[in-house]
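>>> got a structure for you, letters missing:
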């Protein structure tokens, strides 16, 4: 079937053996011996790296492979702990902060798929199988239609309906077509894994991350992708939280509102260095301004603020920072997953094992049909490690052996950079409007293909062309609406699954004015 797709963006991109049980997990001989060094050295990563130049004279950092891969596994486990241990606290603390105490990280029954990790896992499995970091847009749409059909919400859910019309990413993440895309935190919680596969490569991490999160968001939420993937990638290089935060800020568009959120939280922390509740109150007063709607509680501003505050007041302590991520509230599981990923990289899996936490080596697939049913956390980590080797190589580095026969990573020195400025989204929207002129949409409405007619009707409504097209050919317009009605989930999404925002209100009103009646009853989309 014909599809809508924007031209691909320029591609800037320049396991260990399976282990049986996490509860008693020890690395193979030679691995554990290296990682017997002190935690102080582990956290002072530059001490474990060697500054060199490659054959072309470019600066690289050389790391023992065991260290980098331990940190990848630590970041993954931290992400899973934050997500799944955070679920009981999700949207529980709004008016007042939480009062979680004596938190002990644990996954005694193993981990399971949840949208904080399983959308990334879907990509990771495909990337690993294809040995490709940036999957093509039509491939991504096929992955969603095959595997991602339930347990999705907000911008992810809306994008999924657009795909059924034959609309390819990244158009599915443009605000003009997806009213959730302007604020939803999918740019955060669908991104952490991409920082893990780009160790020490903040620009590469942001490039990979925005490639995938642009499927469902644009604008400021993509700045969140760049912020957090750059922070995760930088956590491989330093234990200094300020350096990690600086890297994240450097990856944001200087004009972004999200960057101002980060700077505001830094200022509040300086003002109230010993009182996280005072900063939490400031966050609430400043960003919880949309009532009970998802616009605020599921928005990038308030949740980014909570993550940064939890890191600052947690002072690098894993348990304390996670506890704070829960207690700051709002979308607490998403926020704790991001905090856990950053600090999991910083600490490493070997350190986590020494804490005595009960973590079963299992990643149960409860949501994504057609993907492995027997995945383990170890295997998930293996996939990330193999992709990290690919990312390092494509960035101009190496995964190789040193003179002593030990595996090492030679990672190019890479600075954080904004790879997706805000202006790019405006250009993409303008390109979409040019691509789908009223005449082009009218041609689509006259097509013999039902999906083409339905897609053309939706695009005309979303882009504000429906009146013009309708006046030019009433019969073709009616045929388009009839075709669109054959996609009841799309119609449901327009009328019942859009946020309480100005853009969404305009979309709903445009649909009604165009003759797309509101269904009498709200029905589930999965």
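Cool, the structure landed. Nothing here was measured: the structure is a model prediction, and the numbers come from that model. Numbering: from 1, shown residues only.

>>> tell me the contacts of the closest residue to residue 289 other than its chain neighbours?
Setting aside the residues directly before and after it, residue 289 is nearest to residue 296 in space (C-beta to C-beta, 6 or more residues apart in numbering), at 6.3 Å. C-beta here means a position set from N, CA and C on the backbone, and glycine is covered the same way. Counting by C-beta atoms under 8 Å, 6 or more residues apart in numbering, residue 296 touches 287-290, 302.

>>> And for residue 370?
146-147.

>>> Just the element for it, please.
Residue 370 belongs to no helix or strand when assigned by DSSP states H and E.

>>> give me phi/psi at it?
phi 90, psi 0 (degrees, to the nearest 10).

>>> I'd like the numbering to begin with 6 instead of 1 from here.
With the count now opening at 6, the last piece we talked about shows up as residue 375.

>>> And the pLDDT for it?
At residue 375, the model reports a pLDDT of 98.

>>> and what of residue 11?
pLDDT, read off for residue 11, is 38.

>>> Same check on residue 433?
Value listed for residue 433 in the pLDDT field: 95.

>>> got it, and residue 27?
pLDDT, residue 27: 29.

>>> Equivalent analysis for residue 301, please.
Looking at residue 301, the pLDDT reads 83.

>>> Looking at the contacts of residue 301, which are in helices?
Secondary structure from DSSP state H places 292, 307 of the contacts of residue 301 in helices.

>>> hmm, which of the contacts of residue 301 are the buried ones?
Neighbour counting over the contacts of residue 301 (16 or more other C-beta atoms under 10 Å) leaves 292-293, 295, 307 as the buried ones.

>>> Reformat those residues as TSV; add distance to residue 357.
As requested, the buried ones among the contacts of residue 301 are exported to TSV (distance: C-beta to C-beta, whole Å):
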residue	distance to residue 357
292	32
293	33
295	37
307	29
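
>>> Relative to residue 155, how far out is the residue nearest to residue 294?
26 Å (C-beta to C-beta, to the nearest Å).

>>> cool, residue 122 as well?
15 Å.

>>> quick revisit: how about the contacts of residue 301 in JSON lines, adding distance to residue 409 and pLDDT?
What follows is those, written out as JSON lines (distance: C-beta to C-beta, whole Å; pLDDT from 0 to 100):
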{"residue": "292", "distance to residue 409": "52", "pLDDT": "96"}
{"residue": "293", "distance to residue 409": "56", "pLDDT": "94"}
{"residue": "294", "distance to residue 409": "59", "pLDDT": "89"}
{"residue": "295", "distance to residue 409": "58", "pLDDT": "90"}
{"residue": "307", "distance to residue 409": "50", "pLDDT": "97"}
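
>>> picking that back up, look at residue 122 and residue 155 and report which has more neighbours.
residue 122 (26 against 14; other C-beta atoms under 10 Å).

>>> how about that one, what does it touch?
84-85, 88, 116, 198, 342.

>>> likewise residue 215?
Here residue 215 is in contact with 227, 230-231, 424-425 (criterion: C-beta under 8 Å, 6+ apart).

>>> Now restrict the residues you listed to buried residues only.
227, 230-231, 424-425.

>>> Go through those and say which is closest to residue 94.
Minimum distance to residue 94 across the buried ones among the contacts of residue 215 is 23.6 Å, recorded for residue 230 (C-beta to C-beta).

>>> in a helix, that's where the closest one is, yeah?
Yes. Residue 230: assigned to a helix according to DSSP: H, G, I helix; E, B strand; the rest coil.

>>> Looks like it contacts residue 210 (just checking).
No. Between residue 230 and residue 210 there is no contact under C-beta atoms under 8 Å: 9.2 Å.

>>> how about the strands in this structure?
With DSSP state E, the ranges of strands along the chain come out as 55-58, 64-69, 116-117, 368-369, 403-406, 412-417.

>>> need the least confident one among those strands, by mean pLDDT.
strand 55-58 (a mean of 74).

>>> buried set for that one?
Of the residues in strand 55-58, none is buried (16+ other C-beta under 10 Å).

>>> if we can go back for a sec, of the strands of the chain, which is nearest residue 285?
strand 116-117 (28.5 Å).

>>> How far off centre is stretch 388-395?
18 Å (C-alpha atoms, centre = their mean, to the nearest Å).

>>> ok, now stretch 391-407?
Mean-position distance between stretch 391-407 and its chain equals 23 Å (C-alpha atoms, centre = their mean).

>>> again with stretch 214-230
7 Å.

>>> cool, and stretch 216-232?
Taking mean C-alpha positions (C-alpha atoms, centre = their mean), stretch 216-232 and its chain are 7 Å apart.

>>> again with stretch 139-149
Taking mean C-alpha positions (C-alpha atoms, centre = their mean), stretch 139-149 and its chain are 16 Å apart.

>>> returning to that earlier point: reformat the strands of the chain as CSV; add distance to residue 460.
What follows is those, written out as CSV (distance: least, C-beta to C-beta, whole Å):
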stretch, distance to residue 460
strand 55-58, 52
strand 64-69, 47
strand 116-117, 35
strand 368-369, 36
strand 403-406, 43
strand 412-417, 42
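
>>> now for the ones you listed, which one comes closest to residue 216?
Taking the strands of the chain one by one with C-beta to C-beta, strand 412-417 is closest: 19.5 Å.

>>> That closest one pairs with which strands?
Strand 412-417 has these partner strands in its sheet, going by DSSP bridges: strand 64-69 (antiparallel), strand 403-406 (antiparallel).

>>> tell me the most buried of these?
strand 64-69 (a mean of 20; mean count of other C-beta atoms under 10 Å).

>>> what number of residues lie near the nearest residue to residue 368 once chain neighbours are set aside?
In space, residue 368 comes closest to residue 380 once its chain neighbours are excluded; the distance is 4.4 Å by C-beta to C-beta, 6+ apart. For residue 380, the count of nearby residues is 21 (other C-beta under 10 Å).

>>> what residue ranges in this protein score low on pLDDT?
Within the chain, the segments meeting pLDDT under 70 span 6-53, 60.

>>> got the domain boundaries for it?
27-417, 441-518 (automatic domain parsing).

>>> Any chance of those in a markdown table with distance to residue 524 as columns?
Shown next, in a markdown table, are the domains of the chain (distance: least, C-beta to C-beta, whole Å):
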| stretch | distance to residue 524 |
| --- | --- |
| domain 27-417 | 14 |
| domain 441-518 | 6 |
